[in-house]
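**Student:** Here's a sequence, model it:
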Amino acid sequence: MTQETEGKSEKVVTIIVDGAPHKVEKEKITYAEVVTFADPDYSKNPQVTYSVTYSKGPHDKPQGTLSPGGSVMVKEGMIFRVSRTGQS
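**Tutor:** Numbers count the residues shown, from 1 in each chain. Purely as a prediction, here's the structure:
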């Protein structure tokens, strides 16, 4: 499915974060955005760190780890797992 936004076509894909589907209207997603899907209070607790792994990603990097400050291209059906690792 595509949506027209100011003359630009944006792709809407569904990603899975900890088993829950989320629609994303962009080509890339950041570490903070993925963690916020898993923990909506993430921005209120910046001292807490998370481990973010993904699978079923783009063909050039189908699986990997997303680090704080990082981002990754999204693909329909991509799966993210978010685990709380403690305090930084």
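
**Student:** any chance you could map the helices in the chain?
**Tutor:** Ranges of helices within the chain are 31-38, based on DSSP state H.

**Student:** Tell me, how many residues neighbour the residue nearest to residue 61 when sequence neighbours are not counted?
**Tutor:** Leaving out its chain neighbours, the residue that sits closest to residue 61 by C-beta to C-beta, 6 or more residues apart in numbering is residue 72, at 7.1 Å. All C-beta atoms are positioned from the backbone trio N, CA, C, and that covers glycine. Counted with other C-beta atoms under 10 Å, the neighbours of residue 72 add up to 20.

**Student:** Use 23 as the first number for this chain going forward.
**Tutor:** Understood, numbering begins at 23; the last thing we discussed is residue 94.

**Student:** Tell me if I'm right that residue 94 and residue 50 touch.
**Tutor:** Yes. Counting by C-beta atoms under 8 Å, residue 94 does reach residue 50; the two are 6.6 Å apart.
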